[in-house]
Each structure stands twice: as structure tokens, then as C-alpha cells.
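Visitor: Compute the structure for the input listed below.
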Amino acid sequence: MQKKRLWGSALLLIAFVLTSKHVSASEKEVVYRLYNPNSGEHFYTTSFYEQNTLKNVGWRDEGVGWQAATKGTPVYRVYNPNVKGGNHYYTMSNYEAKSLIKAGWRWDNNAKPVFYSGGSVNLYVAYNPNAQSGSHNYTTNVYEQNNLLKNGWKYGAIAWKTMPSDPLPTLPQGWSIDRAINTNNYSTQSYAYKQCTWWVYNRAKEFGINYGLYMGNGKDWQNQPGYTVTSTPQLHSAVSFKAGQLGADASYGHVAFVEQIHSDGSILISQSGTGYKTLYDYQVLSKKEAGQLKYIIGK
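Guide: Numbering: from 1, shown residues only. Predicted coordinates for the structure are as follows:
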């Protein structure tokens, strides 16, 4: 496929941007995957800011690439400015990275690891001998890897290890949900993966319900103009917690999604957040607890 010219602003950004990792007590963090349709290159980062910056200059959001360990063997990223469109390469070998630097490549992330190898899931690399930009592809998807090898890519191998995906929760006894949850296409367009805002924005869309891309922190949803807000629980609405309310974060508050309401006034909510060991979680709130919160009706 003939490659088009890469945007100059994106080229400059990727060459020098510093990856700011999300600080979390978790043993893993999400790696975002993006694609440049003008150069054919995929790019991988743990930085939500970096991901969004690239999307704003034309890169395509391909969602979550994998879950990276937060400790283990370092993985380095280097950049080649001497090929059309630029090119990135990822390696666990500090010696290999330094050799490329001597040959004219540049360090990314100030020569610090961009993520770590650790866990039980294989991450595969394949090489395209006919490409300059985007010559290496990294994936945990065996089907994707095999498909590339069938189409002329070379050197299929395990590049390093990643962490398994978050487990899924079970529904509390006596409760149900109206629509199955499918997170495969959940967007990270403006809300970071596995944040409470990311969850509610995407879960609501599964019901055809829309909230804005910039609703703020969880506590801010109840104060956004243009939405009906009530203290009475509403099915399939966003429920907003003030900072510190009912155990919500003391600074940012929280937002969740109302899945079901029982006749006794108790409600079932679904929610996500970096503190949960599962991708998302369920919680039952009593009538008294539910009555203390604000419910934002989507559009």
C-alpha cells in the first residue's frame, strides 16, 4: 500500500513527547493502541494524554492493545526520524536500543521504559520487510499475528509478556440487567480506560443514551447544564456522588450507571474505577443511600 505523508505536528510530537504514566497501586496498566492511516504505523502508549493528543492530529483510536505490567523487565521505545513517516521500535534489550541510537535513532521517553514485560499472556511481534514506517506490529491477538504472517510479514515471535485481562464480576443474587455488557467497542475518546466516567459514558451508549464527551469528574456530572437532574432514582441514568459521599473519592467524587431499581427503593449500579480488581463492578444501594444521590438523565 502506498503511504501518504505523515502530519508534521504528529511526527514532532511522537519523537519528543514524554509518556506520563497513570499512577496506580495496580499491578498493571492499560496500553492504548493507535494507527496512522498516512504512514501505516501503529503506536502504543500507556499515556491517556499522549493518546488523545495523537487522535487530535489524525491518528485512529484502536482501543486497548493490552494490559502491561507495572514492574518486570523494562521495554524501551526508540524512534527513527530518517525514514519517511518516521518509525518506532520497542525492545526489552537495552543493548539493542543503544545500538540503534548510535545508528541515528532517538530515544523516546528520555530513555526510560515505556512499559514492562510481566505476566502470563504472550505479546507477539511481526516484521514487515516492505515497510519503513510501521515495520513492526505488536499484538496479543493470535489471529491477528497469524494473519500478518500469512500476508508476508516475517519473524513472528513472542516479544515479551503482558498481564491477563481484568476478570468480569457476577451479578448480585436477585438482580438482573436489561442489556448484556460488551466492552469490546468502548471508546476512550475523552475518558480514560477503566475510569468511572469512561464506564458510564460507554454503558449508557449501549442503551442509545448519550452524555457529553467532557462532563468532568464524577462529582461534576450533576452540575452540567442541559441535563435533567433529580434525587429520585431513574433507570438507565448516571448517578453522581459528591466528593467523599458514600465512600466516593475525596477529591473527584464518582459516577455510576443505574442498572435496575427494586420495588423497595434499592438500586443496582454498575461502575468502574482504577480501584476495582475487575474491569467493572456491581453494587447494591439501599433506598436510604440511593436517596442521597443525584441522577442525571441522558439524551
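Visitor: And the helices in the stretch 1-150 of the chain?
Guide: Assigned by DSSP state H, counting those that start in this stretch, the stretch 1-150 of the chain shows helices spanning 8-16, 48-56, 94-102, 142-150.
Visitor: Show me what the third one packs onto, helices and strands only.
Guide: The reference is to helix 94-102. strand 73-80 (3 or more Cβ pairs under 8 Å, 6 or more residues apart in numbering; DSSP states H and E). Bear in mind the C-beta positions are built from the backbone N, C-alpha and C, glycine included.
Visitor: Which of the residues in the strand it packs on are classified as buried?
Guide: For strand 73-80, the neighbour count (16 or more other Cβ atoms under 10 Å) marks 74-80 as buried.
Visitor: Repeat that for stretch 197-213.
Guide: Across stretch 197-213, burial judged by 16+ other Cβ under 10 Å covers 197-204, 206, 209, 211.
Visitor: nearest residue to residue 213 other than its sequence neighbours?
Guide: With Cβ to Cβ, 6 or more residues apart in numbering as the criterion, residue 213 has its nearest non-adjacent residue at 4.2 Å, and that residue is residue 190.
Visitor: what's the burial count for the one you found?
Guide: Using other Cβ atoms under 10 Å, residue 190 has 15 other residues around it.
Visitor: what does residue 82 give?
Guide: Neighbours of residue 82 (other Cβ under 10 Å): 12.
Visitor: these two touch, right, it and residue 103?
Guide: No. In this structure, residue 82 is not within contact of residue 103 by Cβ atoms under 8 Å, at 9.2 Å.
Visitor: mind showing which ranges of the protein have poor pLDDT?
Guide: Residues of the chain that meet the criterion pLDDT under 70 lie in 1-26.
Visitor: related to what we said a few turns ago, who are the contact partners of the residue nearest to residue 213?
Guide: Counting by Cβ atoms under 8 Å, 6 or more residues apart in numbering, residue 190 touches 52, 201, 213-214.
Visitor: Can you say which two of the residues you listed are spatially most distant?
Guide: Across the contacts of residue 190, the longest distance by Cβ to Cβ is 14.3 Å; it joins 52 and 201.
Visitor: Apart from its neighbours in sequence, what residue is nearest residue 283?
Guide: That would be residue 269: by Cβ to Cβ, 6+ apart, it lies 5.3 Å from residue 283.
Visitor: Tell me if I'm right that the one you found and residue 281 touch.
Guide: No. Residue 269 is beyond contact range of residue 281, at 9.0 Å (criterion: Cβ under 8 Å).
Visitor: higher neighbour count, the two?
Guide: Using other Cβ under 10 Å, the more surrounded residue of residue 269 and residue 281 is residue 269, with 22 against 17.
Visitor: which residues pair with the more buried one across the strands?
Guide: residue 258, residue 283 (DSSP bridges).
Visitor: Not counting sequence-adjacent ones, nearest residue to residue 260?
Guide: residue 268 (4.3 Å).
Visitor: With residue 140 instead?
Guide: Nearest to residue 140 is residue 66, by Cβ to Cβ, 6+ apart, at 4.8 Å.
Visitor: Against residue 205, how distant is residue 179?
Guide: 11 Å (Cβ to Cβ, to the nearest Å).
Visitor: now the helices of the stretch 1-150 of the chain in CSV, with mean neighbour count?
Guide: Output for the helices of the stretch 1-150 of the chain, formatted as CSV (neighbours: other Cβ atoms under 10 Å):
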stretch, mean neighbour count
helix 8-16, 16
helix 48-56, 18
helix 94-102, 14
helix 142-150, 13
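Visitor: Which among those helices is found nearest to residue 88?
Guide: helix 8-16 (7.1 Å).
Visitor: what pairs with the residue nearest to residue 111 when sequence neighbours are not counted across the strands?
Guide: Nearest non-adjacent residue to residue 111, counting by Cβ to Cβ, 6+ apart: residue 76, 7.1 Å away. With DSSP bridges applied, residue 76 shows beta-bridge pairing to residue 91.
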